[in-house]
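Visitor: Show me the folded form of this:
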Amino acid sequence: MRRATGMVALITVLQGCSLLPGWGESAQITDRHGCVRSEGYRWSQLMGQCLIPAEQAVKLGSLNHGDSRSAWVLVARDRSEAEIYLPERDSIMLPRQNQGDKPSWGSGDWSLLHGSGYVLSEDGYARFHNYGAR
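Guide: Numbering: from 1, shown residues only. Predicted coordinates for the structure are as follows:
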């Protein structure tokens, strides 16, 4: 009995020292492209590399009351396509749908409009925006 108690005490002490393999290390979650999702990196189809959307994309706030989640938008330099990053999903590519001063992009259920800011809609209902931003 004393021997078992001694082993439990030793393991408890070693946990804090990180001497046991895998203990004390933070788990890193990566996607199929090698982007470390647990550190905020996401794969960008538009850029062809891992990036942190908060550092390179435009933030859109939720239009649902009490929902603090954000979506992010990255637009190609030539404005031919846009990439959207949604909470808990892979990014979605949206090809440009029109020409002119107020571009729009869309694919499937999602559409993105740009006027005085961006509005991201799903099935015709506005879900995220950044009104007033350029």
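
Visitor: hey, where'd the strands end up in the chain?
Guide: 42-44, 49-51, 58-62, 70-75, 81-85, 92-95, 104-107, 110-114, 118-122, 125-129 (DSSP state E).

Visitor: out of everything not next to it in sequence, what's closest to the residue most central in space within the chain?
Guide: With distances taken as Cα atoms, centre = their mean, Tyr85 lies nearest the centre of the chain, 5.2 Å away. Nearest non-adjacent residue to Tyr85, counting by Cβ to Cβ, 6 or more residues apart in numbering: Trp72, 4.1 Å away. For the C-beta atoms, the positions are set from N, CA and C on the backbone; glycine is no exception.

Visitor: what stretches of the protein score poorly on pLDDT?
Guide: Residues of the chain that meet the criterion pLDDT under 70 lie in 1-26, 132-134.

Visitor: Let's see that with 50 instead.
Guide: Filtered on pLDDT under 50, the chain yields the residue ranges 6-24, 134.

Visitor: For Gly100, see how far away the residue nearest to Tyr85 is.
Guide: 24 Å (Cβ to Cβ, to the nearest Å).

Visitor: Please identify which of those two sits among more neighbours.
Guide: Trp72 (23 against 6; other Cβ atoms under 10 Å).

Visitor: list the contacts for the more buried one?
Guide: Residues counted as contacts of Trp72 (Cβ atoms under 8 Å, 6 or more residues apart in numbering) are 53-54, 57-60, 84-85.

Visitor: Name the nearest of those residues relative to Tyr41.
Guide: Pro53 (9.0 Å; Cβ to Cβ).
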